[in-house]
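Engineer: 3D model of this:
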Amino acid sequence: MSAYKITPLHLGTITRPKKNFLHGYTGSEVEDFPIIVYHLDGEHKILVDTGGCAVDSEYGQRFQPYRRPKDQELDAALASIGVRPEQIEYVIFTHLHWDHASCNELFPNARFICQRRELASLYEPDNPSSKGGYIKDYVKQFSYELVDGDLQLFDGISVVLTPGHTIGSQSVIVDTDDGLTIISGDLITLQESWYMDPPRSSALYYSEEALTMMYESIDKLRKISTRLLPGHDWHVFEPGMGLR
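Structural biologist: A predicted model of the protein is given here:
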């Protein structure tokens, strides 16, 4: 099996109540959280997600508080690890929210992969999953290779459908030298919630039914690996990416 190296890239910071990111949390803290893209280097050069929109754009203003200095723009972040955007072969989207899918135009040679039901939901105005965090007109400009459910994409890289945060959220399973590692998107936004007993999802779900889906998704991932990289956690930038 092909082993990949995972590198997290910090692409700006959002300021939000912590209770948004941890289901059942009752504290009132408002904290800074990173927007994260993961670069996978192995047989292919792959990104998981493309990060947020420009801070000074119409949508950047809509999603405040949000800041992103120049060195945290995606092309600059890639340059810091010696990668050019045109080298990226694939972008795998955990989901298509604004902070995960807003720099797509940087990748002229990449094939974009997402779940069919994720993209379809954006064309269904009555679908509760399609409300809120999407920049629909932007996302719809691009062509996607659509997958249905769980699939091995390449040697060492698989996706599994993990709905709840959105109807078509998926997690990426990466084979590394240290074992299978999950990139969960916003199913799990903080590593501490993954290590709780039992684990907790994020508090960002679109219906009560979706919350049930999130916990079913967590159970599914726990059977695959205990190594997980979440959607918005500073610990991934520590040595060992905060993994236990």
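
Engineer: Next, name the residue at the spatial heart of the chain.
Structural biologist: Nearest residue to the geometric centre of the chain (Cα atoms, centre = their mean): Gly185, 3.2 Å.

Engineer: Tell me how far it lies from Lys140.
Structural biologist: Gly185 sits 20 Å away from Lys140, taking Cβ to Cβ, to the nearest Å as the criterion. Using the backbone N, CA and C atoms, a C-beta is placed for each residue, glycine as well.

Engineer: which SS state does the residue nearest to the centre of the chain fall under?
Structural biologist: coil (DSSP: H, G, I helix; E, B strand; the rest coil).

Engineer: Go ahead and confirm it touches Gln170.
Structural biologist: Yes. Between Gly185 and Gln170 there is a contact under Cβ atoms under 8 Å: 7.2 Å.

Engineer: Now do the shared contacts for those two.
Structural biologist: Common contacts of Gly185 and Gln170 (Cβ atoms under 8 Å, 6 or more residues apart in numbering): Thr94, His95, Thr162.

Engineer: Show me the one in those residues that has more neighbours than the rest.
Structural biologist: Thr162 (30 neighbours; other Cβ atoms under 10 Å).

Engineer: residues touching it, list them.
Structural biologist: Neighbour list for Thr162: Ser169, Gln170, Ser171, Ser184, Gly185, Leu187, Met214, Ser217, Lys220, Leu221 [criterion: Cβ under 8 Å, 6+ apart].

Engineer: Please convert the buried members of those into ChimeraX selection syntax.
Structural biologist: Command for ChimeraX, covering only those of these found buried under the criterion 16 or more other Cβ atoms under 10 Å:
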select :169,170,171,184,185,187,214,217,221
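
Engineer: would a markdown table of the contacts of Thr162 with distance to Arg62 be doable?
Structural biologist: Below are the contacts of Thr162 laid out as a markdown table (distance: Cβ to Cβ, whole Å):
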| residue | distance to Arg62 |
| --- | --- |
| Ser169 | 22 |
| Gln170 | 25 |
| Ser171 | 27 |
| Ser184 | 25 |
| Gly185 | 21 |
| Leu187 | 24 |
| Met214 | 25 |
| Ser217 | 28 |
| Lys220 | 33 |
| Leu221 | 31 |
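
Engineer: now, which of the contacts of Thr162 lie within strands?
Structural biologist: Judged by DSSP state E, strands contain the following of the contacts of Thr162: Gln170, Ser171.

Engineer: Please, where are all the helices along this structure?
Structural biologist: For the chain, the helices defined by DSSP state H occupy 58-62, 74-79, 116-121, 136-139, 191-194, 208-222.

Engineer: ok, and for the last one, which residues are buried?
Structural biologist: In other words, helix 208-222. Ala210, Leu211, Met213, Met214, Tyr215, Ser217, Ile218, Leu221.

Engineer: Could you point out which residue ranges in this protein have low pLDDT?
Structural biologist: Applying pLDDT under 70 to the chain picks out residues 1.

Engineer: Start from the N-terminal end of the protein and give the strands.
Structural biologist: For the chain, the strands defined by DSSP E occupy 5-17, 30-41, 45-48, 66-67, 90-92, 111-115, 145-147, 151-154, 157-161, 170-176, 179-183, 228-229.

Engineer: The nearest residue to Gly51 once chain neighbours are set aside - how many residues pack around it?
Structural biologist: Nearest residue to Gly51, sequence neighbours excluded (Cβ to Cβ, 6 or more residues apart in numbering): Leu11, at 3.7 Å. Each residue near Leu11 was counted by other Cβ under 10 Å, and the total is 23.
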